[in-house]
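In: Provided below for reference: sequence and predicted model.
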Amino acid sequence: MTMKTLLAGATLALGFASGAFADAHQTKVGFVYVGPVGDGGWTYEHNQARLAVEAEFGDAVETVFVESVPEGPDAERVMSQMALGGADLIFTTSFGYMDPTINVAAKFPDVKFEHATGFKRSDNVSTYSARFYEGRAVQGHIAGQMTTSNIIGYIGSFPIPEVVRGINSAYIHAKAVNPDVEFKIVWAYTWFDPAKEAEAASVLIEQGADVILQHTDSTAPQAAAQSAGNVVTFGQASDMAEFGPFPRVSSIIDDWAPYYIARTKAVMDGTWTSTDTWDGIGAGMVGIGEISSAVPAEIKASAEALRDSLADGSYHAFTGPVNKQDGSAWLAAGETADDGTLAGMNFYVEGITGDVPQ
Amino acid sequence: MDLSSINPILLLASLMVAATPILLAAIGELIVERAGVLNLGVEGMMITGAVCGFVVAVSTGSPWLGFIGAAIGGAFLALLFGILTQYLLSNQVATGLALTLFGLGLSALIGQGYIGIKAPSFPDWHIPLLGDIPIIGPIVFQHDPMVYVGLILVAATWWFLHKTQGGLVLRAVGENHDAAHALGYKVTRIRILAIMFGGACAGLGGAYLSLVRVPQWTEGMTAGAGWIALAIVVFAGWKPWRLLLGAYLFGGMTVLQLNLQAAGLAIPVEYLSMSPYIATIVVLVIMSAGRAPRSLGRIFHASR
């Protein structure tokens, strides 16, 4: 901590305060974050995209954000405040903001809303998400071959379709390369709680897992794996490269910047309409972080081939034959999953033990 | 379900580690409340301690200096609370809540250049002889030193409160500050010292998260641990040994429920997730809650 950064922070704060008197022709874009911008994961990447919007449009756009907003009534209050404060476009960046976004959007028909990872839309509410499950497929492919204990630990956040989809995708692709693989799944019921995430990672490691996949936002599980010494991890939402080349051997990176810039542009041009966007590796919304030197070359090559086939659309991460957990058929050989089923996925595929909490 | 995959020795050992941050913060708050002051800013002091400890440990390379820095940082923030509530007679509840918000913001500012940096390692102690005892050794005697600092603080707090004159004075101040004042005790000074002790302990608890448990700096990393510490003080009836029980019960249930989930126990996960809170409340309530210090949260002014 130098005096310079402190002063920079103070100047920044003053900048925000004076921003209230900015001229009315600016387009104002608001962002509601579920965690702190310094979480190193999910919220960090959304904030990077916000900064990209500022860089793209300069003075024509003013951005505001509120971090660590709980998913619930508080979120509604924050969104209303932003809308009252003159925001033209508001990005609400967590699944739990779905109903609050719809409620607030109904009260402010002239304000455009963009809700991440949800499925409810209206005239002024768009949804957008990334096909993280494509990245999970690559992770599962690597994880299945890196494990020696054949136990892969998975830290889930909340049992929502997005997370369940990731578990299924990772499992299918781990199983494809290692028939003996077993998933141990722990639900943390939080997006961000470093102590609890570290706890969950330690528990999984104590129970024999030597690969940890996480769907929570902090880097705490990476640190837990690092101190255990022989456990493989993957960066989540952000590259988390500081834990490479081992334990972090690769990562899923969210890149929201192109989307945020395009949507801000649409509002400025008056061409914004309510849409549903769901892009994956191909469109660049999901990135696969560099596969580190700790992964043997042939595994790295096949993982990259898998990544490329997902990107160009020649392979779908959910391609039959796939059965549901209870053994009933879901996808016939060669059949691929439709987006509707994926969007509402609330079941495990065959081979995963335990139940999806309902 | 495969319960055999749970290793009870590792489970009990991680229980002690999981409970330590809450225990440290709670024992400090216990002293503060026994002195008649309600400081709701535990969360803010913890996170400030977490960042101060991390910054000092990274820049000096010594986790011990980090813990000292954390205690000073926490105590400093607590002193702010003390000045506001004891000399300027502000409302303790409101000031405490503000302290939490202030601490969260301040820590984020201080910690800006420290995200993604690794803390210097803080090795476990393998206590000679005791650590070699089968079963008990790995559970109790092979932890990092701060686990024992927490235990020693609990014992010292009990001894101080019940066996020393200073403890008697502190309790008198907390029970009836007017009577204590009439007897010539410096109520405000005693409370300021208690508040600073509470802040230092909360700082240690926070630093335990950022230096040992997680170990790295992330904004908002205490994620509500300070509130749990506050609750445990009340449910423990302001008694040190019950507080130890409460913290271990909470830590133990947290670790156990994750273990049961990983082992695939056929209980809905929602019940497992709420179990630490329920178990702690139920056990401590059944043991019959203690009585709050009479002057808790009341403003003292010598002229009234």
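Out: Here it is on my side, so go on.
In: use CA for all of it now, contacts and neighbours both
Out: Noted.
In: which parts of the stretch 1-150 of chain B sit against chain A?
Out: Taking Cα under 8 Å from any Cα of the partner chain as the contact definition, the stretch 1-150 of chain B meets chain A at B:5-7, B:10, B:18, B:109-117.
In: adding pLDDT, write these out as TSV.
Out: Below are these laid out as TSV (pLDDT from 0 to 100):
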residue	pLDDT
B:Ser5	71
B:Ile6	76
B:Asn7	79
B:Leu10	81
B:Ala18	89
B:Leu109	90
B:Ile110	92
B:Gly111	88
B:Gln112	83
B:Gly113	82
B:Tyr114	84
B:Ile115	76
B:Gly116	71
B:Ile117	78
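In: for the chain, what spans make up the strands?
Out: Picking chain A for this. A:27-32, A:61-66, A:89-92, A:112-116, A:125-130, A:151-156, A:182-187, A:211-214, A:232-235, A:248-254, A:276-279, A:286-289, A:322-323, A:329-331 (DSSP state E).
In: any idea which residue sits dead centre in chain A?
Out: Nearest to the geometric centre of chain A sits A:Ala237, at 4.9 Å (Cα atoms, centre = their mean).
In: filter the residues of the stretch 1-150 of chain B next to chain A down to the buried ones.
Out: Among those, those classed as buried by 16 or more other Cα atoms under 10 Å in any protein chain shown are B:Ile6, B:Ala18, B:Leu109, B:Ile110, B:Gly111, B:Gln112, B:Tyr114, B:Ile115, B:Gly116, B:Ile117.
In: burial measure for A:Gly280, as a count.
Out: 21 (other Cα atoms under 10 Å in any protein chain shown).
In: kindly report the same for the one 4 residues further on.
Out: Other residues within reach of A:Gly284, judged by other Cα under 10 Å, total 18.
In: for the one 10 residues further on, same thing?
Out: Neighbouring residues of A:Ala294 were enumerated by other Cα under 10 Å; the total is 16.
In: contacting residues for it?
Out: Contacts for A:Ala294 (Cα atoms under 8 Å, 6 or more residues apart in numbering or on different chains) come out as A:Pro245, A:Phe246, A:Val249.
In: got a winner among the residues you listed for most neighbours?
Out: Among these, A:Val249 has the most neighbours (other Cα under 10 Å), with 26 neighbours.
In: surely that one and A:Ile299 touch.
Out: No - using Cα atoms under 8 Å, A:Val249 makes no contact with A:Ile299, being 11.6 Å away.
In: can you list the low-confidence ranges for chain A?
Out: A:1-24 (pLDDT under 70).
In: just the closest of the buried ones among the residues of the stretch 1-150 of chain B next to chain A to B:Pro128, please.
Out: B:Pro128 lies nearest to B:Ala18 out of those, by Cα to Cα, at 23.5 Å.
In: list the helices and strands the host helix or strand of that closest one packs on?
Out: For B:Ala18, the enclosing helix or strand under DSSP states H and E is helix B:8-34. Helix B:8-34 is packed against helix B:42-60, helix B:136-140, helix B:145-163, helix B:165-175, helix B:187-208, helix B:225-235, helix B:240-263, with contacts defined by 3 or more Cα pairs under 8 Å, 6 or more residues apart in numbering or on different chains; DSSP states H and E.
In: right, I'll call it a day here.
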